[in-house]
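Enquirer: Here is a sequence together with a model predicted from it:
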Amino acid sequence: MARAAVKAHAPALYSLAIIQFNGSGGTKNKKDLIGGVTLCARAAVLGHIDAVRELGHCLKDGYGITKNTVAGQRFLIEANIRELTANNHKKFDGVNLTRLPLLVDVGYEMPVQVSHPANRFLTGWFANRVPDPAYNICSYEGCGRPETRTHEFRRCSVCGVRTYCSRGCQARDWTMGHFKSCTPFMRFAGRR
């Protein structure tokens, strides 16, 4: 993956950014937020839509970079526009299509191809195995990325049940329907 990133392969740069954000494979203190933002920015410049979206979330929250809510919102809007225009030029034949997850927020429901084959493979691979209770799989069904250490993923701030490898996956899962079933403090129901 590093070789591909050195050769300016946008998906490899974005994947490495997520690894830096989450501190994959190391302790909780091994996160490199500045490195993650840098890699994410490089992937965004190369046109990776999820990297543009992740960079927008980082700017809005001040995560690894100086907080700039206005610029962050612009990046999020740009990601939605890129997603819309990228799919506007495709011919849709109705096979393996779903709606665009984040454009629903602004009133669009256009078809888009299902998740990347690597993500479909990961989802299927881990679905057919007994999960290790100490580790989670990204709750966004289009991802399938596993945790490499406990408590690596972020939790839904409302229910605390769903876990996500990135803010992009969390946003997509929310718009794909998690908001319908999400109830505050579901994880702690029955505990006092």
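Expert: Nice, I can see it.

Enquirer: Only the buried residues of the longest helix along the chain, if you could.
Expert: Counting residues, the longest helix in the chain under DSSP state H turns out to be helix 69-88. Buried residues in helix 69-88, counted by 16 or more other CB atoms under 10 Å: 72, 75-76, 78-80, 82-84, 87. The way it works is simple: take the backbone N, C-alpha and C, and place the C-beta from them, glycine included.

Enquirer: distance between it and the chain's centre?
Expert: 15 Å (CA atoms, centre = their mean, to the nearest Å).

Enquirer: what's that helix packed up against?
Expert: helix 49-61, strand 111-113 (3 or more CB pairs under 8 Å, 6 or more residues apart in numbering; DSSP states H and E).

Enquirer: Pipe those into TSV and attach distance to residue 167 and mean pLDDT per row.
Expert: Converted to TSV, these look like this (distance: least, CB to CB, whole Å; pLDDT from 0 to 100):
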stretch	distance to residue 167	mean pLDDT
helix 49-61	4	90
strand 111-113	19	46
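
Enquirer: what's the most buried one of those?
Expert: Most buried of the helices and strands packed on helix 69-88, by mean neighbour count (mean count of other CB atoms under 10 Å): helix 49-61, with a mean of 23.

Enquirer: Tell me what angle it forms with helix 69-88.
Expert: Helix 49-61 runs at 160 degrees relative to helix 69-88, counting by axes from the mean of the first three to the mean of the last three CA atoms, to 10 degrees.

Enquirer: Now do helix 49-61: which elements does it pack against?
Expert: Short answer (3+ CB pairs under 8 Å, 6+ apart): helix 49-61 packs on helix 10-22, helix 33-45, helix 69-88, helix 167-173.

Enquirer: And this protein, what are its domain boundaries?
Expert: Using automatic domain parsing, the domains assigned to the chain come out as 1-94, 115-192.

Enquirer: what inclination does the longest helix of the chain have with respect to helix 33-45?
Expert: Going by the same axes, to 10 degrees, helix 69-88 makes 40 degrees with helix 33-45.

Enquirer: So which of the helices and strands packed on helix 69-88 is nearest residue 147?
Expert: Closest of those to residue 147 is helix 49-61, at 18.0 Å (criterion: CB to CB).

Enquirer: Distance from that closest one to the middle of the chain?
Expert: The answer for helix 49-61 is 10 Å, by CA atoms, centre = their mean.

Enquirer: residues in contact with it?
Expert: Residues from elsewhere that reach helix 49-61 (CB atoms under 8 Å, 6 or more residues apart in numbering): 10, 13-14, 17-18, 36-37, 40-41, 43-44, 63-65, 67-69, 71-76, 78-79, 82-83, 86, 102, 166-168, 171.

Enquirer: Tell me how far residue 161 lies from residue 149.
Expert: In this view, residue 161 and residue 149 are 20 Å apart by CB to CB, to the nearest Å.

Enquirer: thinking again about what came up before, same list (the helices and strands packed on helix 49-61) but as TSV, adding distance to residue 139 and mean pLDDT.
Expert: Below are the helices and strands packed on helix 49-61 laid out as TSV (distance: least, CB to CB, whole Å; pLDDT from 0 to 100):
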stretch	distance to residue 139	mean pLDDT
helix 10-22	14	85
helix 33-45	20	91
helix 69-88	20	84
helix 167-173	6	83
